[in-house]
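Peer 1: need a 3D model of the following:
(4 chains)
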There are 2 protein chains.
Amino acid sequence: MSPSTRLTRVEAKARTRRRLLDAAAGIFAEHGFSGASVDEIAARAGYTIGALYTHFSGKEELFLSLLEEHVSHRLRDAERIAGDGPDSFAAFGEFLADVADEHVPWSLLELEFLRYALPRPEVLARLAERWRIPRTAIARLAGGSEEVGTVILALFHGLVLQRRIDRAAVPSTLFADALDWLSKGIDAP
Amino acid sequence: MSPSTRLTRVEAKARTRRRLLDAAAGIFAEHGFSGASVDEIAARAGYTIGALYTHFSGKEELFLSLLEEHVSHRLRDAERIAGDGPDSFAAFGEFLADVADEHVPWSLLELEFLRYALPRPEVLARLAERWRIPRTAIARLAGGSEEVGTVILALFHGLVLQRRIDRAAVPSTLFADALDWLSKGIDAP
DNA sequence: GTCTATAGCCGGATAGAC
DNA sequence: GTCTATCCGGCTATAGAC
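Peer 2: Prediction:
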């Protein structure tokens, strides 16, 4: 039993903060950074703008907090996948197809953030560092060089985006097929 | 000698349209789609908003017109390259490396516009149609199926973006290397 | 801590004069 | 064809009541 059923001020504050972050994650995923309004974020969390501004300095701090969370989660995933051992390209292709649709919102957000980062060298450096992690993990998983990881990452992002534009053009089997071609050549049996 | 030094109505209209498109290309590249204002576009072209609206229905049509031009120019280039010889993959890889950096602003713009198009089915359909053109053309140039075109397109876009984030991670030779792997398999001699 | 109300700004689009 | 003037709506952020 907890000492009290009432939340302390600190706990209440943390809970509100979390609700706002969860709501923001959804709104950002749907509308992007510039397209999201703090008004809508607050409303989805069950609060009003005023409340939001007592917890965050504004939209930018909200976004950066979420980005930080996302990065650490992705890192954990990458390490778990890499820890599975040396898998075949085919199995990895299936995995990519599974996460492709789920990854769509962040794929778009990351690229929107890239534009934000371009004129800010220190932010761009942090972003480059963040992309190095999956690249290295994929290279290790595929048993190839760093450049193989880069190519597979490119393939993944490019296919995810095209699938979003035209679902029929990118069947989910194409993720595995592309990796297979990469491994053995297109004309292999 | 031309019949007159004065422009016909049709010529004058075409000239103004071109100036607006050129100005828009610059503003979109600098500020993105949502970040660009039609006001600024008109000003750079040497006109006012009112004039812009007599030539285009709005920002969206301005963008789609530019996108159409961009795609057709790239395709003309690609077809010229492919016409140079039978060894299409190697030559095409070099071509992709050449246009990669130049393509960066468009890469970002297309993705931003994708987000704009997502909740607008008819706009998304037009965008899907735009992507079908290079996909089919690439497939034909590479002598492969439609899905081969999709994969090469994915590769190109993914590599362009990673190169923008971290130039060292994507050497320009990687475009040709990736196509070579795709053709013959990674471990081929 | 959270609310309501509003200031202040900016952007896309339109109407009508010339 | 192009201009000026304006409407309309949405946004971030703040002030002050409860």
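
Peer 1: surely A:Leu114 and B:Arg163 touch.
Peer 2: No - here A:Leu114 does not reach B:Arg163: they are 11.7 Å apart, not a contact under CB atoms under 8 Å. Any C-beta I mention is one placed from the backbone N, CA and C, and that applies to glycine too.

Peer 1: how many neighbours does A:Ala78 have?
Peer 2: Per other CB atoms under 10 Å in any protein chain shown, the neighbour tally for A:Ala78 reads 18.

Peer 1: any part of stretch A:10-22 near DNA strand C?
Peer 2: Yes - using CB under 7 Å from any atom of the strand, stretch A:10-22 reaches DNA strand C at A:Ala12, A:Lys13, A:Thr16.

Peer 1: please, a PyMOL command that selects the buried ones among those?
Peer 2: To isolate the buried members of those in PyMOL, using 16 or more other CB atoms under 10 Å in any protein chain shown:
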select buried, chain A and resi 16
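
Peer 1: tell me how many other residues surround A:Ala90.
Peer 2: A:Ala90: 13 neighbours (other CB under 10 Å).

Peer 1: then the one 5 residues further on?
Peer 2: Burial of A:Phe95 is recorded as 16 neighbouring residues (other CB under 10 Å).

Peer 1: returning to that earlier point: may I see the residues of stretch A:10-22 next to DNA strand C arranged in CSV, with secondary structure, distance to A:Glu61 and pLDDT as well?
Peer 2: Shown next, in CSV, are these (DSSP: H, G, I helix; E, B strand; the rest coil; distance: CB to CB, whole Å; pLDDT from 0 to 100):
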residue, secondary structure, distance to A:Glu61, pLDDT
A:Ala12, helix, 20, 87
A:Lys13, helix, 15, 88
A:Thr16, helix, 15, 96
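
Peer 1: any chance of the residues of stretch A:10-22 next to DNA strand C in TSV, with distance to DNA strand D too?
Peer 2: Formatted as TSV, the residues of stretch A:10-22 next to DNA strand C follow (distance: CB to the nearest atom of the strand, whole Å):
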residue	distance to DNA strand D
A:Ala12	15
A:Lys13	16
A:Thr16	15
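
Peer 1: what does chain A have sitting close to DNA strand D?
Peer 2: So far as CB under 7 Å from any atom of the strand goes, chain A lies against DNA strand D at A:Ala36, A:Ser37, A:Val38, A:Asp39, A:Glu40, A:Ile49, A:Gly50, A:Tyr53, A:Gly58, A:Lys59, A:Glu60.

Peer 1: ok, now which ones touch the first one?
Peer 2: Right, A:Ala36. For A:Ala36, the contact set (CB atoms under 8 Å, 6 or more residues apart in numbering or on different chains) comprises A:Ala24, A:Ile27, A:Phe28, A:Glu30, A:Lys59.

Peer 1: pretty sure the first one contacts A:Leu64?
Peer 2: Same thing as A:Ala24. No - contact status for A:Ala24 versus A:Leu64: not in contact, 10.9 Å apart, counting by CB under 8 Å.

Peer 1: these two: who's more crowded?
Peer 2: Regarding A:Ala24 and A:Leu64, a neighbour count based on other CB under 10 Å identifies A:Ala24 as having more, with 24 against 14.

Peer 1: quick one: the more buried one and DNA strand D, what's the gap?
Peer 2: 11 Å (CB to the nearest atom of the strand, to the nearest Å).

Peer 1: and that residue, what pLDDT?
Peer 2: At A:Ala24, the pLDDT value in this model is 96.

Peer 1: now do the buried residues in the helix or strand hosting A:Phe113.
Peer 2: Using DSSP states H and E, A:Phe113 maps to helix A:89-117. Using 16+ other CB under 10 Å as the test for burial, helix A:89-117 gives A:89, A:92-97, A:100, A:103-117.

Peer 1: check stretch A:41-53 too.
Peer 2: Applying 16+ other CB under 10 Å to stretch A:41-53 flags A:Ile41, A:Ala42, A:Arg44, A:Ala45, A:Tyr47, A:Leu52 as buried.

Peer 1: which pair in these spans the largest distance?
Peer 2: Maximum pairwise distance in these, criterion CB to CB, is 10.8 Å, between A:Arg44 and A:Leu52.

Peer 1: for chain A, what spans make up the helices?
Peer 2: A:9-35, A:38-45, A:49-55, A:59-82, A:89-117, A:121-142, A:146-165, A:173-184 (DSSP state H).

Peer 1: nearest to B:Glu69, of these?
Peer 2: helix A:146-165 (19.1 Å).

Peer 1: the buried residues of stretch A:41-53: which ones sit near DNA strand C?
Peer 2: Okay, of those touching DNA strand C (CB under 7 Å from any atom of the strand), that's A:Ala42, A:Tyr47.

Peer 1: how far does the helix holding A:Phe113 sit from the chain's center?
Peer 2: Put simply, helix A:89-117 sits 6 Å off its chain's centre (CA atoms, centre = their mean, to the nearest Å).

Peer 1: can you tell if that helix touches chain B?
Peer 2: Yes - Helix A:89-117 is in contact with chain B by CB under 8 Å from any CB of the partner chain, via A:Leu108, A:Leu111, A:Glu112, A:Leu114, A:Arg115.

Peer 1: what about the nearest residue to the first one once chain neighbours are set aside, distance to B:His73?
Peer 2: The reference is to A:Leu108. In space, A:Leu108 comes closest to B:Arg115 once its chain neighbours are excluded; the distance is 5.5 Å by CB to CB, 6 or more residues apart in numbering or on different chains. For B:Arg115, the distance to B:His73 equals 24 Å [CB to CB, to the nearest Å].
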